[in-house]
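Asks: here is a sequence with its predicted model. Questions after.
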Amino acid sequence: MAGQSKTSPMKIRLSPDRRAALLESLTAYYATEFDETLSAFRAEALLDFFVRQMGPPVYNQGVRDAAAFVQAKLGDIEGEVYERE
């Protein structure tokens, strides 16, 4: 299945609309930057490669960033909501 790693249990799924938008963006970028046309087949192969290779690290970084943010807020929860007795 497209966008899935064969070695990882994590399955990154793109909605059809998101996939179409990314493919359009990729082909436009390729045409602008390299002055060549990127076939639909190659665009899909590149997108699948990027999702497999970059998806998990970017996703995991987002999880780490969110966890650090929540942890920082929880670390100061007493100062934020504590009522003097």
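Replies: All right, it came through fine.

Asks: alpha carbons of the worst-scoring helix or strand of the chain on mean pLDDT, as PDB, please.
Replies: Ranked by mean pLDDT, DSSP states H and E, the helix or strand of the chain with the weakest confidence is helix 77-81, at a mean of 71. What follows is helix 77-81, C-alpha atoms only, in PDB (Å, rounded to 0.1, in the frame of the first residue of the first chain):
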ATOM      1  CA  ILE A  77       0.600  23.300  37.000                       C
ATOM      2  CA  GLU A  78       1.000  23.800  40.700                       C
ATOM      3  CA  GLY A  79       2.100  27.400  40.200                       C
ATOM      4  CA  GLU A  80      -0.700  28.000  37.700                       C
ATOM      5  CA  VAL A  81      -3.700  26.600  39.600                       C
END
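
Asks: what's next to it, contact-wise?
Replies: Here helix 77-81 makes contact (C-beta atoms under 8 Å, 6 or more residues apart in numbering) with residue 73. For glycine as for every other residue, the C-beta is placed from the backbone atoms N, C-alpha and C.

Asks: can you tell me how far residue 51 is from residue 40?
Replies: Counting by C-beta to C-beta, to the nearest Å, the gap from residue 51 to residue 40 is 16 Å.

Asks: those two: which is more packed in?
Replies: More neighbours surround residue 51 than the other of residue 51 and residue 40, with 20 against 9 (other C-beta atoms under 10 Å).
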